[in-house]
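Enquirer: here you go, sequence then predicted model.
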Amino acid sequence: MSSTGEVATFGLTVEEAFLKSINSTHIKFPRKTIMVSGVAENDVEGLVDLCQDCVGMGYDIIATEKLGDALTAKKIRCNRVSTTEAQDMLERKEADYLISIPSSNTRDRAYEAGDHYILRRRAVDYSIPVTTELEIARMLVRALAGTESFTMHAYDELPHSMGA
């Protein structure tokens, strides 16, 4: 479920340029609720910090089992659900965005080929944006936290200092 292609954007900061790139592909930014899922230990650790930042920005977090347990242990507010419940929630469009980091661990292969794949597929089927790379998710959250607004210009409309 990866796409190929490139988007070139310019901004006053890397975060602004990143958001412009996302915006130019017509991906909607999360408004209120972000669903997050991951099972590999290193991904779960990274997602805990990411979810804490999201909660700090006022987002509601829906987390699947392993991540939900880790968030609860750190006293980070979330709605812990099973992967199957999460799939149904996406069908009902109860989340604005899905961050689902696939595991490359052999022991997780059945989960990744089954329920976790279906979770990502359900988001695509119901036009809910999906991020599947932890570093991209971190950049998204950092950009949402640090950018209040931006303007869109065609390349030839850029200020001279950015253009040539």
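Expert: Sure thing, it's come through.

Enquirer: contacts, neighbours, all on C-alpha from now
Expert: Will do.

Enquirer: let me know the pLDDT of the closest residue to residue 84 other than its chain neighbours.
Expert: Residue nearest to residue 84 in three dimensions, not counting chain neighbours: residue 115, with 7.0 Å by C-alpha to C-alpha, 6 or more residues apart in numbering. pLDDT, residue 115: 91.

Enquirer: does residue 115 really touch residue 86, like I thought?
Expert: No: between residue 115 and residue 86 there is no contact under C-alpha atoms under 8 Å: 9.9 Å.

Enquirer: so what's the closest residue to residue 79 other than its chain neighbours up against?
Expert: Excluding the flanking residues, the one nearest residue 79 by C-alpha to C-alpha, 6+ apart is residue 62, at 4.7 Å. Residues in contact with residue 62, defined by C-alpha atoms under 8 Å, 6 or more residues apart in numbering, are 33, 34, 35, 36, 68, 78, 79, 80, 81, 86, 95.

Enquirer: do that again at 10 Å, thanks
Expert: 33-37, 51, 68, 77-82, 86, 89, 94-95, 98 (C-alpha atoms under 10 Å, 6 or more residues apart in numbering).

Enquirer: higher neighbour count, residue 115 and residue 86?
Expert: Ranked by neighbour count (other C-alpha atoms under 10 Å), residue 115 and residue 86 place residue 86 first, with 26 against 16.

Enquirer: can you say which helix or strand has the more buried one in it?
Expert: Per DSSP states H and E, residue 86 falls inside helix 83-91.
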